[in-house]
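> Quick one, what's the 3D model for this:
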Amino acid sequence: MKPGGQGVRDGQGVRDGQDGQGVRDGQDGQDGQDMRADAPDPLYERLTSYAGRPAATAGTGKDPVNLPMIRHWCEAMGDTSTAYQGPDAVAPPTMLQAWTMGGLAGHPRGTGRSAAYDELLGLLDGAGYTSVVATDCEQEYLRPLRPGDLITFDAVIEAVSRRKTTKLGTGYFVTTRMDVSADGEPAGTHRFRILKYRPAQRNPAQRNPAKSEREAPLRPRPVINRDNAGFWAGVAEHRLLIQRCTDCATLRFPWLPGCNACAGQEWDTVEASGEGTVFSHVVMHHPSFPAFDPSGEGGPYAVALIELAEGVRIVGNVVGVPYDKVRIGLPVRLEFLRTDPDLELPVFRASEGG
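Okay, the predicted model is just below:
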C-alpha cells in the first residue's frame with residue numbers, strides 16, 4: 001500500500017489464468033457449446049476488437065480531494081495515521097478510485113463510461129454471459145493526493161481473455177485500466193477486472209447420493225492467511241483477539257501486518273470483553289441463501305459494523321432480534337455460532353429490550 005509504483009491487489013475472487021483458483025480453458029459439453037481450448041470462438045474475435053478502445057472518457061471527479069472525505073474514509077477503515085490529518089494531510093493512497101466515482105447520479109452526459117464499453121458488455125449479454133462478478137483490482141500510486149487537487153481520469157479496455165471455465169460458470173475476463181491525474185499530473189493507475197459469465201448448470205448426476213437433499217448448505221470458508229491466522233485460532237478457542245502494537249499500544253482490527261498509527265511491525269493481542277454496540281448496519285434481502293441465516297430461512301438478516309468496548313470495529317451478524325429491530329446504538333454481546341461441523345463464527349446477540 002505504499003506509494004511509488006507498488007501495485008495493490010484486492011479481493012479473493014477468481015483471477016484469469018491462475019492455477020488453483022478454479023479457472024481453466026473452456027471444455028466441451030458446457031451449456032451445449034464446444035468449449036475445448038482449441039475450438040473456434042467467433043465471439044472472442046469480436047470481443048478482442050474492443051481492446052485499446054476507451055472505457056471512460058473525459059472523466060472529472062465530482063469534488064476536489066478534500067479533508068472531510070479523507071476523515072470519513074479513515075474513520076471507516078480505522079486508520080489513525082497522522083499522515084492523513086492536519087494542515088499537511090494527504091489522502092490515503094487506496095482512496096484513488098474513490099475520487100473518480102460518480103455516485104448514484106453518475107457522471108455528466110458525455111463523460112465517464114464510454115459507448116464502446118457499453119457495447120462490449122451488451123455483446124456479452126446478448127451471447128448469454130449475463131452474470132458478472134468483480135474478481136480483483138490493482139493500483140499503482142505515482143504521487144500523493146492532497147486536499148484541493150482536481151481529479152481527472154480516462155480509462156481504456158485493456159484486455160479481454162479467451163473463454164474460461166470457472167466454478168461460477170463459463171465466460172470472459174474483461175480488464176480495464178484507469179489513468180488518474182491530479183491537477184493535470186499523473187497520480188496513479190487503477191486496473192479493474194470482472195468476469196462476465198454464464199452460470200454453471202448443476203448436473204444432478206454429479207451430486208453425492210449419500211447426501212440428503214435437505215442437508216443445509218454450507219457457508220463459504222473464510223480465507224485464512226499468515227496475517228490473520230492468529231485471529232481464527234482465537235475464534236476456535238472462543239476468544240475474540242485484537243492486535244495491539246507493542247511500540248505505541250494502538251489496538252487494530254481487522255488484523256494487519258503492521259501498525260497503521262506508527263508503522264510498527266511488532267504486536268501482541270488483547271482479548272475483547274465481548275461487549276459492543278451497533279455502529280451501523282444493513283439488512284440483506286437478496287440473494288436469499290439459507291446458510292447465512294441461523295434459522296435456515298435464508299433471510300432477510302442484519303449485518304452490522306459493531307463497535308467493541310475496546311474501540312475497534314468488526315463486521316458480524318446480529319442475532320436474537322428480528323432484522324427490523326436492529327438499530328444504531330443497540331447493545332450487543334459476543335457469542336460464537338457453529339454453522340456446520342467445521343466452522344464457527346463470532347456473532348453478536350441483542351435482546352429486544354436492548
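
> Touching, Thr339 and Val319? I think so.
No: shown here, Thr339 and Val319 do not form a contact pair, counting by C-beta atoms under 8 Å, at 11.8 Å. All C-beta spots, glycine's among them, are computed from the backbone N, C-alpha and C.

> Tell me the pLDDT of the residue lying closest to His190 once chain neighbours are set aside.
Closest residue in space to His190, ignoring its immediate chain neighbours: Met178 at 4.4 Å, by C-beta to C-beta, 6 or more residues apart in numbering. Met178 is assigned 96 on the pLDDT scale.

> quick one, what contacts Met178?
Each residue near Met178 by C-beta atoms under 8 Å, 6 or more residues apart in numbering is listed here: 55-56, 97, 100, 153-155, 189-192.

> Please, which helix or strand holds it?
For Met178, the element it lies in under DSSP states H and E is strand 169-182.

> The helix or strand following that strand: how far from the chain's middle?
Counting by DSSP H and E, the next helix or strand C-terminal to strand 169-182 is strand 185-199. Mean-position distance between strand 185-199 and its chain equals 13 Å (C-alpha atoms, centre = their mean, to the nearest Å).

> what's the answer for stretch 314-326, then?
With C-alpha atoms, centre = their mean, you get 21 Å for stretch 314-326.

> Tell me which of Thr339 and Val319 has more neighbours.
Between Thr339 and Val319, counted using other C-beta atoms under 10 Å, the more crowded position is Val319 (19 against 16).

> and the more buried one, backbone torsions?
Taking degrees, to the nearest 10, you get phi -120, psi 170 for the backbone angles of Val319.

> circling back to that earlier point, quick check on the contacts of Met178: which are buried?
Listed as buried from the contacts of Met178 are 55-56, 100, 153-155, 189-192; burial here means 16 or more other C-beta atoms under 10 Å.

> among those residues, which one has the lowest pLDDT?
Ala56 (89).

> ok, now which ones touch the residue lying closest to that one once chain neighbours are set aside?
Leaving out its chain neighbours, the residue that sits closest to Ala56 by C-beta to C-beta, 6+ apart is Ala155, at 3.8 Å. By C-beta under 8 Å, 6+ apart, Ala155 lies in contact with 54-57, 59, 114, 176-179.
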